[in-house]
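S.K.: Have a look at this prediction, sequence included:
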Amino acid sequence: MYKYVKPEQSPQDEKEVRQFLKTLRELLGLTQDQLGILLGVTGNTISRWETGKSQPTLTIPQSFRLFLLIEQSGLTKNDLPLDEYTKSVHQFSPK
């Protein structure tokens, strides 16, 4: 049987994830409660993710919902709070 080992994240990575989630939510014009409903968690959970009190562990369906929210919003990768490395990795995406 295989055991999943969660990759280590640096404090900088955790800060970037928190900032990404908060900025994305604000760009989409959603409250924490509204984003929570769309992802199947509570607004308090979104708050804990954004403040770093807990780390998001999105399931595949939750990740897909988040992807669809971004796609339907019309945001492009240049609108999103991505670091330069992430932008360069996705430089060949259609948007």
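M.R.: On my side now, so go ahead. Here the structure is a predicted model, which is why all the values come from computation and not from measurement.

S.K.: what's the average pLDDT for the longest helix that the chain contains?
M.R.: Longest among the helix segments of the chain by residue count, using DSSP state H, is helix 11-27. Helix 11-27 shows a mean pLDDT of 80.

S.K.: Pull out the buried positions in it.
M.R.: 16-18, 20-22, 24-25 (16 or more other Cβ atoms under 10 Å). All C-beta atoms are positioned from the backbone trio N, CA, C, and that covers glycine.

S.K.: any chance of those residues in a markdown table, plus distance to residue 35?
M.R.: A markdown table is the format used below for those (distance: Cβ to Cβ, whole Å):
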| residue | distance to residue 35 |
| --- | --- |
| 16 | 18 |
| 17 | 14 |
| 18 | 14 |
| 20 | 13 |
| 21 | 8 |
| 22 | 10 |
| 24 | 9 |
| 25 | 5 |
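
S.K.: check contacts around the residue nearest the centre of the chain.
M.R.: Centroid check for the chain by Cα atoms, centre = their mean gives residue 21 as the closest residue, at 4.5 Å. Contact analysis of residue 21 by Cβ atoms under 8 Å, 6 or more residues apart in numbering lists 46, 49-50, 56.

S.K.: Distance check, residue 19 against residue 52.
M.R.: For residue 19, the distance to residue 52 (Cβ to Cβ, to the nearest Å) stands at 10 Å.

S.K.: Contacts only, for residue 40.
M.R.: Contacts of residue 40 by Cβ under 8 Å, 6+ apart are 61-62, 65.

S.K.: ok, it to residue 23 distance?
M.R.: 21 Å.

S.K.: ok, now residue 69?
M.R.: For residue 69 relative to residue 23 (Cβ to Cβ), the value is 13 Å.

S.K.: which residues in the chain form strands?
M.R.: Along the chain, no segments are classed as strands by DSSP state E.

S.K.: Would you mind listing where it has pLDDT under the threshold?
M.R.: Counting by pLDDT under 70, the chain shows low-confidence ranges at 1-13, 81-95.

S.K.: Quick one: the helices in it, in order.
M.R.: Counting by DSSP H, the segments of the chain that form helices are 11-27, 32-39, 43-51, 60-73, 84-89.
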